[in-house]
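Asker: I would like the atomic coordinates for the input below:
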Amino acid sequence: MNNFLHRNFINLTNKNIMKNKLHKLSAALLIALSLTACGGSDNDYPGPPMLVSEDGTSTFSSPNLNYALTYLPLESISTAEAASLTFMREEEKLANNVYKLLGTTWAAQTRVFTNIANSEASHTEAIRQLLVRYTLADPAANLADGVFQNQTLQQLYNSLIAQGTLSYIDTLKVGCAIEEIDILDLQNALVGIDNQDIIVVYNNLTLGSRNHLRSFVKSLSLVGITYVPQYLSPEAYLAIVSTPIERGN
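Answerer: So this is what the prediction gives:
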């Protein structure tokens, strides 16, 4: 098995979504093997879809993601999967928009928001690529920053901005909250998803959110604040922040 297939298999078989999906993953690997036999090689592998910097900022590489997706079949998409992509497109946009605004507000204190805002732009773009792949309408097309079709996300955005402008510490707590929410939403979505390309993107998004949560928690610790999770269980939160930054597969 070449390096790409080995890394992709590890990424796809994340223990959170392993149940009832091994037959799907095996099919993907067989297809990838046939594609490689037609001309691919280890030298063609450009790297993992998610690139992780030393500070934990986790950004999709569009060329690497596109390469990975060529090894996976375009399957029929369920109503639940389509709805999930539509929602996640705007949820990742929300993260980007909040971090952009708060990054400007607190630029003198830190660059963490600017760095992660740029990363989140790649996250929402990865979802957009899947919408294009499945010829689904893009709910975020032509929407300005801070504007969302989904009214639940609109209300969440408004609330997070109001909190984040109160103080630098509040802003860091907003960052933690966003990443906690993303992790939970992605985990819940993966329960009803078996299309391998969506699984690849969602697994990498979850990895990125765990890394970004670590970054915000570290920033809080540097100003003497011990963060208490707002959405994750204490056990799930501790399992993340007590482990090192994760690298892409």
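Asker: rest of the way, CA atoms for contacts and neighbours
Answerer: Fine.
Asker: you'd agree Phe113 is up against Asn96?
Answerer: No. When contacts are counted by Cα atoms under 8 Å, Phe113 is not listed as touching Asn96 (9.1 Å).
Asker: the two: who's more crowded?
Answerer: More neighbours surround Phe113 than the other of Phe113 and Asn96, with 27 against 24 (other Cα atoms under 10 Å).
Asker: would you say the more buried one is within a helix?
Answerer: Yes. Counting by DSSP: H, G, I helix; E, B strand; the rest coil, Phe113 falls inside a helix.
Asker: mind pulling up the pLDDT for the spatially most central residue of the chain?
Answerer: Nearest residue to the geometric centre of the chain (Cα atoms, centre = their mean): Leu205, 1.8 Å. According to the prediction, Leu205 has pLDDT 97.
Asker: state the helix or strand in which it lies.
Answerer: Element membership for Leu205 (DSSP states H and E) is helix 196-222.
Asker: repeat for Ser119
Answerer: Using DSSP H and E, Ser119 falls in helix 112-133.
Asker: which secondary structure element of the chain has the lowest mean pLDDT?
Answerer: One helix or strand of the chain scores below all others by mean pLDDT, DSSP states H and E: helix 22-37, with a mean of 40.
Asker: how far off centre is the helix holding Ser119?
Answerer: 8 Å (Cα atoms, centre = their mean, to the nearest Å).
Asker: what is the helix or strand just after that helix packed up against?
Answerer: Sequence order places helix 151-164 as the next helix or strand after helix 112-133, per DSSP H and E. With contacts defined as 3 or more Cα pairs under 8 Å, 6 or more residues apart in numbering; DSSP states H and E, the packing partners of helix 151-164 are helix 79-105, helix 168-191.
Asker: redo these as JSON lines? Include mean pLDDT and distance to Ala236.
Answerer: As requested, these are exported to JSON lines (pLDDT from 0 to 100; distance: least, Cα to Cα, whole Å):
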{"stretch": "helix 79-105", "mean pLDDT": "96", "distance to Ala236": "21"}
{"stretch": "helix 168-191", "mean pLDDT": "97", "distance to Ala236": "10"}
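Asker: which among the ones you listed is found nearest to Ile127?
Answerer: helix 79-105 (5.5 Å; Cα to Cα).
Asker: list the buried residues for the closest one?
Answerer: 81-82, 84-103, 105 (16 or more other Cα atoms under 10 Å).
Asker: cool, and stretch 231-242?
Answerer: 231-232, 237, 241.
Asker: got the CA coordinates for that stretch in PDB?
Answerer: Taking C-alpha atoms only, stretch 231-242 is exported to PDB below (Å, rounded to 0.1, in the frame of the first residue of the first chain):
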ATOM      1  CA  TYR A 231     -20.300  22.600  25.600                       C
ATOM      2  CA  LEU A 232     -18.000  19.600  25.700                       C
ATOM      3  CA  SER A 233     -18.100  17.200  28.600                       C
ATOM      4  CA  PRO A 234     -15.200  17.600  31.100                       C
ATOM      5  CA  GLU A 235     -13.900  14.200  30.000                       C
ATOM      6  CA  ALA A 236     -14.000  15.000  26.300                       C
ATOM      7  CA  TYR A 237     -12.500  18.400  26.800                       C
ATOM      8  CA  LEU A 238      -9.600  17.000  29.000                       C
ATOM      9  CA  ALA A 239      -8.900  14.300  26.400                       C
ATOM     10  CA  ILE A 240      -8.200  17.100  23.900                       C
ATOM     11  CA  VAL A 241      -6.300  19.700  25.800                       C
ATOM     12  CA  SER A 242      -4.100  17.200  27.700                       C
END
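Asker: what's in contact with that stretch?
Answerer: 177, 180-181, 184, 210, 213-214, 217, 229 (Cα atoms under 8 Å, 6 or more residues apart in numbering).
Asker: most neighbours among those, which one is it?
Answerer: Leu213 (26 neighbours).
Asker: where in the chain is pLDDT low?
Answerer: Scanning the chain with the threshold set as pLDDT under 70 gives 1-43, 108, 249.
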